[in-house]
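S.K.: any chance you could fold what I've pasted below:
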Amino acid sequence: MSVQNPVFIPGPTNMPEAIRNACNMPTIDHRSPAFGAILHPCLDNVRTILKSRQAQIFIFPSTGTGGWETAITNTLSPGDKVLVARNGMFSHRWIDMCQRHGLDVEIIETPWGAGLPAERYGEILKADSAHAIKAVLATHNETATGVRSDIGALRKAIDDASHPALLFVDGVSSIASMDFRFDEWGVDIAVTGSQKGFMLPPGLAILGFSERAMEAVSSAKLPRTFFDVRDMAKAYSGGGFPYTPPVGLMNGLKLSTEMLLAEGLENVFARHRRIAEGVRAAVRAWGLELCALSPDIQSDTVSAIRTPAGFNATDIVTQAADAYGVALGTGLGEVAGKVFRIGHLGSLTDVLMLSGLATVEMCMADLGLDVTLGSGVAAAQEHYRSSHAAPARKAA
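M.R.: Residues are numbered from 1 along each chain as shown. Sure, this is the predicted structure:
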């Protein structure tokens, strides 16, 4: 694998040099005001990126998986019932974690490639007159299938059922890349990580807790120590962590959030949408289809692309790595070998994306698929050119 080439996996994503340098900093006293000057801007900026005024932000030395564990252990008790749809590998893994923690998990089996069925959630919640369901779990952007779900519709289903369940949302591959509305959607816990939209190395679990979620913390009986938000909140008030913090990563997060806010959140979202639409144009030009079953649920951060029946999609990923030194994503779980994935999130531009699409075309041609070199690249180019809408210049 060549480190000169950008990666086109759904995470970890490419790092701007400035952020990489920000993580590479001298040792400081993490119990001094110097660390507080890093910590508090991170908390404030993440809250802004979540589009929240009131969320309490927590940042743990971990990954998104640790964020899931933080969410459930701080708010639930053994035997509590949770409702969740399984529509991909990452929703499956959250289900597995809940089951390992002794929770009663009601699963809505959903086709891989479909979005979360808000209506079905609503039917189950309306039938739960005893309010046995304590939390509803949702994956905003299913990274394995390239599917974005409508969290606003899910909130409406909960409200229409007049159900008090907490709403937990996995935004690992969406937050800081796609529009996320913590307050408007009535999210109680949002979970993300450092290595995707925030353009950092893995190592930080980033969460937002609502007031309702914080109220649930005091009565929750699942064990937690490292991930106890009460300890973290107490330490934050003094400008530190309850244990040694990852200072370099936090310094990188401070710069990352500043860069995202300087670009403007709506511009960040528009950039991701534009790049994704170019990828989708290329897929159509290749005569292939996305795993996402309809255009309205196609992700703006990752595309899972189906290959013809009988063809092992993983061969494209292997060829890209071996022949061209480029990283693409493999299929996972039920779609392993049936799709390959192109990550288009984080530190990425139209021009960089064109290089990834060109590599995919070379790999497909190398492996004997019926593809015309340049067809997908040209389709993406047309989209990018029209999106920028630069005025034409007349010849002198």
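S.K.: for the chain, what spans make up the strands?
M.R.: Using DSSP state E, the strands of the chain run over residues 56-61, 81-86, 104-109, 133-139, 141-142, 147-148, 166-170, 189-193, 204-209, 289-290, 302-306, 329-330, 339-343.
S.K.: the fifth one pairs with which strands, and in what direction?
M.R.: Taking DSSP bridges as the criterion, strand 141-142 forms sheet pairs with strand 147-148 (antiparallel).
S.K.: the first one too?
M.R.: As defined by DSSP bridges, the strand partners of strand 56-61 come to strand 204-209 (antiparallel).
S.K.: how much does the partner strand deviate in direction from strand 166-170?
M.R.: Strand 204-209 and strand 166-170 are oriented at 150 degrees to each other (axes from the mean of the first three to the mean of the last three Cα atoms, to 10 degrees).
S.K.: just the mean pLDDT for stretch 192-209, thanks.
M.R.: Taken as a whole, stretch 192-209 has an average pLDDT of 98.
S.K.: an error on my part: the question was meant for stretch 150-164.
M.R.: 98.
S.K.: what comes into contact with that stretch?
M.R.: The contact list for stretch 150-164, computed with Cβ atoms under 8 Å, 6 or more residues apart in numbering, reads 115-116, 118-119, 121-122, 125-126, 128, 131, 133, 136, 138, 140, 165, 167, 169, 181, 184-187. For the C-beta atoms, the positions are set from N, CA and C on the backbone; glycine is no exception.
S.K.: give me the low-pLDDT residue ranges for the chain?
M.R.: Low-confidence segments of the chain (pLDDT under 70): 1, 389-396.
S.K.: if we use 50, what do you get?
M.R.: Regions of the chain meeting the criterion pLDDT under 50 cover residues 395-396.
S.K.: so which residues of it form helices?
M.R.: Ranges of helices in the chain, per DSSP state H, are 17-23, 33-49, 64-73, 89-100, 118-127, 151-160, 211-217, 229-237, 247-263, 265-286, 314-324, 350-366, 375-388.
S.K.: mean neighbour count, those: which tops it?
M.R.: Among those, helix 64-73 has the highest mean neighbour count (mean count of other Cβ atoms under 10 Å), at a mean of 24.
S.K.: quick revisit: return the members of the contacts of stretch 150-164 classed as buried.
M.R.: Neighbour-count burial (16 or more other Cβ atoms under 10 Å) is assigned, among those, to 115-116, 118, 121-122, 125, 128, 133, 136, 138, 140, 165, 167, 169, 185-187.
S.K.: tally of neighbours for residue 6?
M.R.: 18 (other Cβ atoms under 10 Å).
S.K.: what sits against it?
M.R.: By Cβ under 8 Å, 6+ apart, the contact set of residue 6 is 14, 348, 352, 355-356.
S.K.: how about residue 189?
M.R.: By Cβ under 8 Å, 6+ apart, the residues touching residue 189 are 71, 75, 166-169, 207-210, 213.
S.K.: how does it look with 10 Å?
M.R.: 55, 58, 67-68, 70-72, 74-75, 135, 137, 166-170, 182, 207-210, 212-214, 216, 229 (Cβ atoms under 10 Å, 6 or more residues apart in numbering).
S.K.: kind regards, and thank you for your time.
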